[in-house]
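Student: the sequence isn't on hand, but the structure is:
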């Protein structure tokens, strides 16, 4: 499957709730697609002036193509998270996230038209990157890492990404349907 078709379908699926940017550069890497989602939950008593609590949740989606991505690239990806992605996207350059920050998901998707080696898949399954802020008083950050093999639609995911892995498989299936329709015409 063509990565452009997958990206276009992914973009359409996420555009309903994410602010999307193509060609985003962060951590020394160019991402084909970047998306940001923010949600605020609040509880009031009678009026907005009597706020009991407020929580903020975020997700940052980072998608890039890498036909040569391997297990050896994971330390570099982790360094990008440490050096740039987490400080800039999660904390906004500050020492801690905002006061009412509860959770930030950093979702990284690697697309390949060539597939991934078994060693790379195993390394991604073991991958874990989380961070707590002020003993979770300022929330936490969790990284979800996905490999999408565009040769067969196989999605490999890190431990934290398990509950979200079906999304990327469903997008692959939607692309297959589009390809089939265009072949029939």
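Tutor: Okay, I see it. Quick caveat: nothing in here was measured; it's all calculated off a predicted structure.
Student: so what strands line up beside the host helix or strand of residue 146?
Tutor: Using DSSP states H and E, residue 146 sits in strand 140-149. Strand 140-149 sits in its sheet next to strand 101-112 (parallel), strand 130-132 (antiparallel), strand 155-157 (antiparallel), going by DSSP bridges.
Student: OK, contacts around the spatially most central residue of the chain?
Tutor: For the chain, residue 107 is the residue whose C-alpha lies nearest the centre (C-alpha atoms, centre = their mean; 1.6 Å). Counting by C-beta atoms under 8 Å, 6 or more residues apart in numbering, residue 107 makes contact with 59, 60, 61, 62, 143, 144, 146, 161, 164. Where C-beta positions appear, they are placed from N, C-alpha and C, glycine not excepted.
Student: which of those count as buried?
Tutor: 59, 60, 61, 62, 143, 144, 146, 161 (16 or more other C-beta atoms under 10 Å).
Student: so the fourth one bridges to which residues?
Tutor: Looking back up the chat, that one is residue 62. On the basis of DSSP bridges, residue 62 is bridged to residue 34, residue 108.
Student: quick check, residue 96 in a helix?
Tutor: No. Residue 96: not assigned to a helix; according to DSSP: H, G, I helix; E, B strand; the rest coil it is coil.
Student: how deep is it tucked in, by neighbour count?
Tutor: Residues lying near residue 96 (other C-beta atoms under 10 Å) number 14.
Student: check what pLDDT it gets.
Tutor: Looking at residue 96, its pLDDT stands at 94.
Student: quick one, what contacts it?
Tutor: Applying C-beta under 8 Å, 6+ apart, the residues contacting residue 96 are 133, 134, 138.
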